[in-house]
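Trainee: after the sequence you'll find the predicted model.
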Amino acid sequence: MKRYTIDEYAMKIQENNLLISKNYAANIGKQFIDKVSYNSNDVAENTLFICKGKAFKEEYLDKAINEGSIAYISEIDYHKNIPCILVNNVQKTLSLVSNIYYDYPWKKMNLIGVTGTKGKSTTCYYIKYIIDEYLNDEGKPTSGIISSIDTYDGVINEESHITTPESLDLQQHFSNAQSSNITHMITEVSSQALKYGRLYDVCFDVGVFLNISEDHISPIEHSDLEDYFSSKLKLFKQCKIACINLESDFASRILEAGGNSEKIITFGTSENADIYGYNIRKDGNNIVFDVRTDKFDKEFILTMPGLFNVENALAAIAVAYSLNIPEKFIFSGLEKARSSGRMEKYVSKDKEKIVIVDYAHNKLSFTKLYESTKEEYKGRNIVTVFGCPGGKAFSRRKDLGLLAGLHSDSIILTSEDPGEEQVRTICEEIAEYVKRNNDNYEIVEDRGEAIKSSIFESEPNTIILLTGKGNEKRQKIGKAYIPCPSDVDYVIQYLEDYNNAIKEVAVSLE
């Protein structure tokens, strides 16, 4: 890793029109930086410290100086006895400095970014499965991934706590991938990361825009749909190839924004799409569909449930097409593809209870989930188990409450990352909207008990939609993330208990 001086960092910041002033003597600027950090608990000798965040306190800088920081970057001059690089946007500056510190590792890889309101994680994993089939055939390491499910960069393999990490952490992942000889990196791209410049000075080889629907509207996220939408569209200002879903709302505006990239590849179920999906049908437990491009016309198979996943598969095919990956690897990758906590299906031995564990958590994903469920599981009662997060995305309480009440036979409202709000308060607010379409609901604050009740208390011939948490093994309670069993863990446990219970009843009747 190449070392740079304080002056060299300041010069790069100035070249990007982010510098306001440099407050230090000329000779001091020749000192070399050995570490960059925005966390006062992660500082060593010769650190360049970044004062970042609305919750930043001057005492953090004091601690960083005591631990070895020799210069700092900030939007405020705290008049300390070390050099200050004063900037007009500390978030963008952090991303720029992170790129410089790790020497732009993403430039040595194929970098794919995926954004959208629904389906980002599943699409990322579809892409990963396809690319890994290709890389395995080439004898190369598997691809890296940074998603809201988990992160793998060749060194770190862990459950994720955020969709797109902070820029310094992101560049560390890219650096780890480069040092591990990883050639392809797939990244979920959040609207927040794009809005605030967490990806500033990063360019994707391929950028994917899946869809758009109102979400993340709150005082701490986006003020309205326009702010949310325009933030996501920024992806196209920093990608070479834009893959765009023609079935998305506001497709014409997305296509217009895609003009900022070097090339556009469209996908969808419209005949004029470059990646055209058609003849979509259910074949046993599989989803089968045909795809026509100027390179092939071929049938593909998805072994994950959910008719809506064809849209995610078409996006993945568009990425593979843009990277010139042969169709045989696209086929085998999609056939094997799985996404933890996304449309995972569990069935009781008597076939009376089907449980779908999915991460659906906003209006668009709920709409698609109900459409697919009613088409794939005709005649079954629908029980929905869900909640809403505390302190953000407040519109979900209305949207999901109305949809669940309209499309479910019964609803169980429960905890889902309540944060600093009370679980019951959130559930009661959702219930006000549920009641407009359905009075058959209950509030069970403990998520494990809610899942147990959905399995044991529901009628025969029922499908249970367990949404919002997927395979996450934590709940945000207060300001902390508390470890807990995942929805998958609960379902496996309670279905086993249910199976044993019906077995005992059968034996007693003999």
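Mentor: Great, that's in hand. Numbers count the residues shown, from 1 in each chain.

Trainee: just give me the longest strand of this protein.
Mentor: strand 275-283 (DSSP state E).

Trainee: relative to strand 275-283, how tilted is the following helix or strand past that strand?
Mentor: Sequence-wise, the next helix or strand downstream of strand 275-283 (DSSP states H and E) is strand 286-292. For strand 286-292 against strand 275-283, the angle by axes from the mean of the first three to the mean of the last three CA atoms, to 10 degrees is 150 degrees.

Trainee: and the next helix-or-strand element following strand 286-292, what does it pack against?
Mentor: Using DSSP H and E, the next helix or strand after strand 286-292 towards the C-terminus is strand 297-302. If you count contacts as 3 or more CB pairs under 8 Å, 6 or more residues apart in numbering; DSSP states H and E, strand 297-302 packs onto strand 286-292, helix 309-322, helix 327-336. C-beta: built from backbone N, CA, C; applies to glycine.

Trainee: how far does stretch 324-344 stretch from start to finish?
Mentor: By CA to CA, to the nearest Å, the extent of stretch 324-344 from end to end equals 30 Å.

Trainee: could you check the pLDDT of Ala320?
Mentor: Looking at Ala320, its pLDDT is 98.

Trainee: quick one: contacts for it?
Mentor: Each residue near Ala320 by CB atoms under 8 Å, 6 or more residues apart in numbering is listed here: 127, 130-131, 134, 329-330, 333.

Trainee: tell me the one of the residues you listed nearest Ser270?
Mentor: Nearest to Ser270, judged by CB to CB, of these is Ile330 at 20.1 Å.

Trainee: mind checking pLDDT for the closest one?
Mentor: With respect to pLDDT, Ile330 scores 98.

Trainee: pull the number of nearby residues for it.
Mentor: 26 (other CB atoms under 10 Å).

Trainee: roughly how far does it sit from Ser21?
Mentor: Here Ile330 is placed at a distance of 53 Å from Ser21 (CB to CB, to the nearest Å).

Trainee: Val208 now?
Mentor: Taken as CB to CB, the span from Val208 to Ser21 is 40 Å.

Trainee: kindly report the same for Val189.
Mentor: Computed as CB to CB, the Val189 to Ser21 distance reads 33 Å.

Trainee: low-scoring pLDDT stretches of the protein, where are they?
Mentor: Within the chain, the ranges that satisfy pLDDT under 70 run 1, 216, 505-510.

Trainee: so what touches the longest helix anywhere in it?
Mentor: The helix that spans the most residues within the chain, counting by DSSP state H, is helix 487-509. Applying CB under 8 Å, 6+ apart, the contact partners of helix 487-509 are 340-341, 344, 346, 348-350, 353, 355, 357, 447-448, 451-452, 455-456, 466, 469-473, 485.

Trainee: ok so, going back, who's more crowded, Val208 and Ser21?
Mentor: Ranked by neighbour count (other CB under 10 Å), Val208 and Ser21 place Val208 first, with 33 against 11.

Trainee: tell me the phi and psi of the more buried one?
Mentor: Main-chain torsions, Val208, degrees, to the nearest 10: phi -120, psi 130.

Trainee: gap between it and Glu311?
Mentor: Note on Val208: its distance to Glu311, by CB to CB, is 11 Å.

Trainee: one step back: just send the contacts of Ala320 back as CSV, with distance to Glu442 too.
Mentor: CSV is the format used below for the contacts of Ala320 (distance: CB to CB, whole Å):
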residue, distance to Glu442
Ile127, 40
Ile130, 43
Ile131, 44
Tyr134, 49
Phe329, 48
Ile330, 45
Gly333, 42
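
Trainee: which of those residues has the most neighbours?
Mentor: Counting by other CB under 10 Å, top hit in these: Ile127 with 31 neighbours.

Trainee: burial of Ile33, as a residue count?
Mentor: Residues lying near Ile33 (other CB under 10 Å) number 20.

Trainee: same deal with Asp446?
Mentor: Look at Asp446: counted by other CB under 10 Å, it has 12 neighbours.

Trainee: doesn't Glu416 make contact with it?
Mentor: No - at 12.0 Å, Asp446 does not count as touching Glu416 under the criterion of CB atoms under 8 Å.

Trainee: re earlier: just the contacts of Ala320 now: which is nearest Asp169?
Mentor: Ile127 (21.5 Å).

Trainee: list the ones among the contacts of helix 487-509 that fall in helices.
Mentor: Using DSSP H, the contacts of helix 487-509 in helices are 447-448, 451-452, 455-456.

Trainee: show me which of these are buried.
Mentor: Buried members of these, scored by 16 or more other CB atoms under 10 Å, are 447-448, 451-452, 455.

Trainee: how about CSV for the residues you listed, with distance to Cys84 added?
Mentor: Formatted as CSV, those follow (distance: CB to CB, whole Å):
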residue, distance to Cys84
Arg447, 47
Gly448, 51
Ile451, 53
Lys452, 57
Ile455, 59
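
Trainee: just the C-alphas of stretch 259-276, formatted as PDB.
Mentor: C-alpha atoms of stretch 259-276 as PDB (Å, rounded to 0.1, in the frame of the first residue of the first chain):
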ATOM      1  CA  GLY A 259     -27.800   8.100 -20.700                       C
ATOM      2  CA  ASN A 260     -25.100   9.200 -18.300                       C
ATOM      3  CA  SER A 261     -23.400   5.800 -18.700                       C
ATOM      4  CA  GLU A 262     -21.500   4.600 -21.700                       C
ATOM      5  CA  LYS A 263     -24.000   1.900 -22.700                       C
ATOM      6  CA  ILE A 264     -27.600   0.900 -21.800                       C
ATOM      7  CA  ILE A 265     -28.800  -2.700 -21.700                       C
ATOM      8  CA  THR A 266     -32.600  -3.200 -21.000                       C
ATOM      9  CA  PHE A 267     -34.300  -6.200 -19.500                       C
ATOM     10  CA  GLY A 268     -37.900  -7.100 -18.900                       C
ATOM     11  CA  THR A 269     -41.000  -8.800 -20.300                       C
ATOM     12  CA  SER A 270     -41.500  -6.300 -23.100                       C
ATOM     13  CA  GLU A 271     -40.500  -7.500 -26.500                       C
ATOM     14  CA  ASN A 272     -38.400  -4.500 -27.100                       C
ATOM     15  CA  ALA A 273     -36.100  -5.300 -24.100                       C
ATOM     16  CA  ASP A 274     -32.500  -6.300 -25.000                       C
ATOM     17  CA  ILE A 275     -33.000  -9.200 -22.500                       C
ATOM     18  CA  TYR A 276     -36.600 -10.300 -23.200                       C
END
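
Trainee: relative to the whole chain's centre, how far out is it?
Mentor: Centroid displacement of stretch 259-276 relative to its chain, using CA atoms, centre = their mean, to the nearest Å, is 23 Å.

Trainee: likewise stretch 491-504?
Mentor: Centroid separation between stretch 491-504 and its chain, computed with CA atoms, centre = their mean, is 33 Å.

Trainee: got the domain ranges for this structure?
Mentor: Segmentation of the chain into domains, based on automatic domain parsing, reads 4-101, 105-336, 344-503.

Trainee: buried residues, stretch 380-392. List them.
Mentor: Across stretch 380-392, burial judged by 16+ other CB under 10 Å covers 380, 382-391.

Trainee: for stretch 64-79, same thing?
Mentor: By 16+ other CB under 10 Å, the buried positions in stretch 64-79 come out as 64-65, 67, 69-74.

Trainee: tell me how many other residues crowd Tyr481.
Mentor: When neighbours are counted by other CB under 10 Å, Tyr481 registers 14.

Trainee: so Ala10 is in which element?
Mentor: Assignment of secondary structure by DSSP H and E places Ala10 within helix 6-15.

Trainee: helices and strands around that helix, which ones?
Mentor: For helix 6-15, the packing partners by 3+ CB pairs under 8 Å, 6+ apart come out as strand 19-23, strand 69-74, strand 84-87, helix 90-101.

Trainee: who does the longest one touch, helix- and strand-wise?
Mentor: With contacts defined as 3+ CB pairs under 8 Å, 6+ apart, the packing partners of helix 90-101 are helix 6-15, strand 35-37, strand 47-50, strand 69-74, helix 167-179.
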